[in-house]
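In: Here is the input, now give the coordinates:
(one chain, ligands or ions: 2)
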Amino acid sequence: MHEPLQRLRRSVLYVPADNERAVAKSATLSCDAIIFDLEDAVSPDTKGEAREQLRAFLQSTSRPKCEIVIRINPLAGEWGTEDFLTARACHPDAILLPKVEGPRDILDADAALDETDAPRSIRLWAMIETPRGLLNAGSIAELGRDPAARLSCLVAGTNDLVKETRVASRDYLTPWLLQIVLAARAGNLTALDGVWNAFRETEAFARECARARAMGFDGKTLIHPVQIAPANAAFSPTSEEIAEAQAIVAAFAKPENRFAGVISVEGRMVERLHLEHAEALLKKAREIKEKGE
Ligand SMILES: CC(C)(COP(=O)(O)OP(=O)(O)OC[C@H]1O[C@@H](n2cnc3c(N)ncnc32)[C@H](O)[C@@H]1OP(=O)(O)O)[C@@H](O)C(=O)NCCC(=O)NCCSC(=O)C[C@H](O)C(=O)O
Ligand SMILES: [Mg+2]
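Out: Ligands and ions are numbered 1, 2, ... in the order given. Modelled structure (predicted):
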């Protein structure tokens, strides 16, 4: 089952599942998706409490209306099974698998979901944040082309990547981030950029979002509510882009261009591939408008 690729995922906020105030606040925020985290944001001592709190919250009427994702610990590790069963009981839109190293990690999670008769609507997201995961990003993403597979999104884990590779700054991550984008495109998947830790640095964050969009990412993972509006703005079509797309659609709609493969619009060569892009952009703009933004 393929879901529409262009689901809005501009702003995807991590919420530590053991932080009661943050969990409660999540329902009031205007991010496109939330990742409730049972992995690195939750200390070993509070894993059990975090699971119970998350289950109660997501089964209550306070459950947020946006796309809901739960990040579990690695399935084969100490907390994986309990996390998985909690996530499954919460009926999320997706389960996010950390530190994915190869297609086997996705297939194992797929099989675990099937064993619990999980509906196909529950998707899998994969974090690419280890050297092996990066080297295997292409074969992981290939699963996105399998209509029976649940894989839907690749998420860059820049903190772990920095730790694992020992690079000194994000500049050196760029080729690997582009590799994640490329793999995602090959597999028809959403590509989400990693987090920006210095959440009080709003201008630097806006520049980072613009750079991520220019690299081809569909959205950014976030750690603090203050990052939602800049991410939504950066990953939304601009008014210039909308006007340009409208001009392309209008030009191809003219009777004389009905069968044309290539035309000229405002002094630029435009082909049908540009029309496809323009239509997708306008669809995204409509969805954003429907959200009331
Ligand atoms: C970074 C924080 C620890 C900062 O917390 P704090 O100092 O409490 O922030 P504020 O006082 O400014 O908070 C203001 C209000 O906003 C709420 N809040 C804060 N963060 C969140 C959030 N993420 N979601 C929802 N609500 C949030 C506070 O509760 C305050 O509200 P109120 O109480 O009503 O006044 C904190 O922001 C935080 O914990 N962020 C998330 C950290 C996290 O999840 N980390 C794991 C994911 S990152 C990662 O691992 C990526 C990847 O794997 C990699 O390797 O890179
Ligand atoms: Mg990580």
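In: Can you check the distance spanned by stretch 59-79, start to finish?
Out: In stretch 59-79, first residue to last residue: 21 Å (Cα to Cα, to the nearest Å).
In: try stretch 214-222
Out: Stretch 214-222: ends 18 Å apart by Cα to Cα.
In: Show me what counts as buried in it.
Out: Neighbour-count burial for stretch 214-222 flags 217-222 (criterion: 16 or more other Cβ atoms under 10 Å). Where you see a C-beta, it was placed from the backbone N, CA and C, and this is true even at glycine.
In: What is the nearest of those to residue 155?
Out: Among those, residue 221 lies closest to residue 155 (Cβ to Cβ), at 6.0 Å.
In: Quickly note the distance from the closest one to residue 10.
Out: 11 Å (Cβ to Cβ, to the nearest Å).
In: In strands, which of the buried residues of stretch 214-222 appear?
Out: Those of those mapping onto strands are 219-222, per DSSP state E.
In: ok, so of these, who is nearest ligand 1?
Out: residue 221 (6.3 Å; Cβ to the nearest ligand atom).
In: Would you check that that closest one makes contact with residue 190?
Out: No: in this structure residue 221 lies outside contact range of residue 190 using Cβ atoms under 8 Å: 11.3 Å.
In: Leaving out chain neighbours, which residue sits closest to residue 216?
Out: residue 181 (4.2 Å; Cβ to Cβ, 6 or more residues apart in numbering).
In: Please, which helix or strand holds the one you found?
Out: Assigned by DSSP states H and E, residue 181 belongs to helix 174-186.
In: Following that helix in sequence, what is the next regular element?
Out: Next helix or strand after helix 174-186 toward the C-terminus (DSSP H and E): strand 190-193.
In: Would you list the strands that that following strand pairs with, along with their directions?
Out: If you go by DSSP bridges, strand 190-193 pairs up with strand 151-156 (parallel), strand 219-222 (parallel).
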